[in-house]
Each structure stands twice: as C-alpha cells, then as structure tokens.
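Colleague: I'll drop the sequence and a predicted model, then ask my questions.
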Amino acid sequence: GAPGLKSVSYYEIEGGATGGTKPTDTSGAILAETLLTQASYDKFTAVNVTGDQVWRFDNKYGAVMSGFADNRSYANEDWFISPAMNLAGKSNVKLSFDHARGPAGSMGVSLTYYTVWVSNDYNSGAPSTATWTEVSGITHGTTAWGFVSSGELTIPAANLKANARIAFKYVCTDTESATWEMKNIVVK
C-alpha cells in the first residue's frame, strides 16, 4: 500500500545510490548479444581444440565453460567465436561483456586462462588456421560468481576491416581449472 518499486532489476536514486545490475547500453551497437537465449548463443561458434569439456548455453549465465568434471580438472582449450562483423571504415571500436568466474576455491587460477582475441581471416574450423590478435585490458572480478563488466576493450585499429570476429579463449590444465561465464556482449 505504500509508494515504491517492486521487482526491479536495477535502480539509481538521487544522490548516487544504486542497486542491481545496470542494463548494458546497446545503442549504436555493431553486435549486441545477451547469450541468455538459445538463439543469441547460437550466433556464436564454439570450437573445442583440446579436452572433452565444451562451451555450453545457460539461460541464466549465458555462455559457460569449465574444465572441471567428475571432481577433477581436465586440460582444455576452447574458443567461443562471434559471427563476422564488418568494421571497415569504423574507428574507436570497443568490446564489452559481463563475466564471472568460480567457484571460490578456483579464484586463484591464472587470469591468462581467460583471454579475448580478434581476427579478420577466420572463417570456420580450427582457430589455428587464422591469425589472431589478443585484446588486452579485461577487468576481472574478485568474488566467485560475481558478474562484472570487462570494461571497454579497444579493438586494434589493424582489425577494423571486414570479416572481424571476436573470440573468447578458455584454457585450463589437468591440475587447475575454473568456470568462466559470460553474457551481454556488445561491440560498438
């Protein structure tokens, strides 16, 4: 019976207080996929290079990859590759996405296991058939399962041409692994 809001996913109160998850601004986006529907997830190509574990779809967490199964870690290399984008004539193109790692006991796994790459000559098949450039500067969370923004990652100027694809590369070893979840991928 009192004034207020109910069941909101994000709020911002005068004075600066906020809560929930702020929606991603997709205005003017070249690519904007939540990965929270099968149709959105299916626009990407999951490529398994090593190991039996593979990227999978989850309608709550998006694209999910883990090298942990049967109570142990297994060595893996798996790529999650975007559809082709024409970035010719564009400048200052940024990539952002929300991602989380876990569980708590695996938060010390090397951050070099979670990388982002861009290519202009990948079409299909093994990622090793193409030339890839790493996109650096990913912001990682420090709390298990806590989704954070990657920050705005700059796509290298040399890759601002046709057939640009973004790839999320996950690796782990037989001795350590973690789960990587991602959603709300935006290129603009």
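Modeller: That came through fine. Since this is a predicted model, take the numbers as computed values, not measurements. Numbers count the residues shown, from 1 in each chain.
Colleague: can you list phi and psi of Val148 for me?
Modeller: The phi/psi pair for Val148 (degrees, to the nearest 10) reads phi -130, psi 160.
Colleague: contact partners for it?
Modeller: Asp98, His99, Ala100, Thr139, His140, Gly141 (CB atoms under 8 Å, 6 or more residues apart in numbering). For every residue, glycine as well, the C-beta is placed using N, CA and C.
Colleague: 10 Å - rerun?
Modeller: Phe97, Asp98, His99, Ala100, Arg101, Ile138, Thr139, His140, Gly141, Thr142 (CB atoms under 10 Å, 6 or more residues apart in numbering).
Colleague: out of the helices and strands in the chain, which is least certain?
Modeller: Least confident element among the helices and strands of the chain, by mean pLDDT, DSSP states H and E: strand 18-20 (a mean of 67).
Colleague: packing partners for the helix or strand that it is followed by?
Modeller: Reading on from strand 18-20 to the C-terminus, the next helix or strand found by DSSP states H and E is strand 31-33. With contacts taken as 3 or more CB pairs under 10 Å, 6 or more residues apart in numbering; DSSP states H and E, strand 31-33 sits against helix 38-41, strand 179-187.
Colleague: partners of strand 31-33, with directions?
Modeller: Its sheet considered, strand 31-33 pairs with strand 179-187 (antiparallel) by DSSP bridges.
Colleague: what about Glu14, neighbour count?
Modeller: The burial count assigned to Glu14 is 5, neighbours taken as other CB atoms under 10 Å.
Colleague: what is the burial count for Arg56?
Modeller: 12.
Colleague: residue contacts, it?
Modeller: Listed by CB under 10 Å, 6+ apart, the contact partners of Arg56 are Tyr41, Ala46, Ala63, Val64, Met65, Ser66.
Colleague: closest to Arg165 among those residues?
Modeller: Ala46 (13.1 Å; CB to CB).
Colleague: got the contact list for the helix or strand harbouring that closest one?
Modeller: Using DSSP H and E, Ala46 maps to strand 45-50. Residues from elsewhere that reach strand 45-50 (CB under 10 Å, 6+ apart): 54-57, 63, 65, 67, 74-83, 122, 124-128, 165, 167-172.
Colleague: what subset of the residues you listed is buried?
Modeller: 55, 57, 63, 65, 67, 74-82, 122, 127, 165, 167-172 (16 or more other CB atoms under 10 Å).
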